[in-house]
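*Asks:* Quick one: sequence and predicted model below, then my questions.
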Amino acid sequence: MLTMPEINSIKCLRNDKSLSMNEIADIHKINWRTAKKYADGEQIPKEKNEKKKGMMYEEEWGDIVSDWLLEDQKLRKKLRRTNKTLFKGLREMGFPVPTERYVIS
């Protein structure tokens, strides 16, 4: 599958510069049928969103952790949350944890 910039380039070459399918195929090093499919069609590839599975995502805890990790990407490495601090934060918010198995001091 081609990337969006390649598809946009194919459409531009076809519509604006009036190149033939063979010329477009040679430029992008693809089959002429693929060039025709993207140049003539209104077919735009859809993004695949995989649904995350597991207890964390069924009970919305996974979304919280994902948000925290996105926030931490903007911080310097030394200031980011560790697994331990993520776990403590979840536990403070009411995350169900069997106490005998996980002991965090």
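*Replies:* Good, I have the coordinates. Numbering: from 1, shown residues only.

*Asks:* Quick one: list the elements packing against the helix or strand hosting residue 38.
*Replies:* Remark: residue 38 resides in helix 32-40, with elements defined by DSSP states H and E. For helix 32-40, the helices and strands in contact under the criterion 3 or more CB pairs under 8 Å, 6 or more residues apart in numbering; DSSP states H and E are helix 4-15, helix 21-28. (Each C-beta comes from the backbone N, C-alpha and C, glycine too.)

*Asks:* distance between the first one and the chain's centre?
*Replies:* When you say that, I think you mean helix 4-15. 23 Å (CA atoms, centre = their mean, to the nearest Å).

*Asks:* hang on, the earlier thing: identify all contacting residues around the helix holding residue 38.
*Replies:* 2, 7, 10-11, 13-15, 21-22, 24-25, 28, 43 (CB atoms under 8 Å, 6 or more residues apart in numbering).

*Asks:* Model confidence for residue 104, exactly?
*Replies:* On the pLDDT scale, residue 104 is placed at 62.
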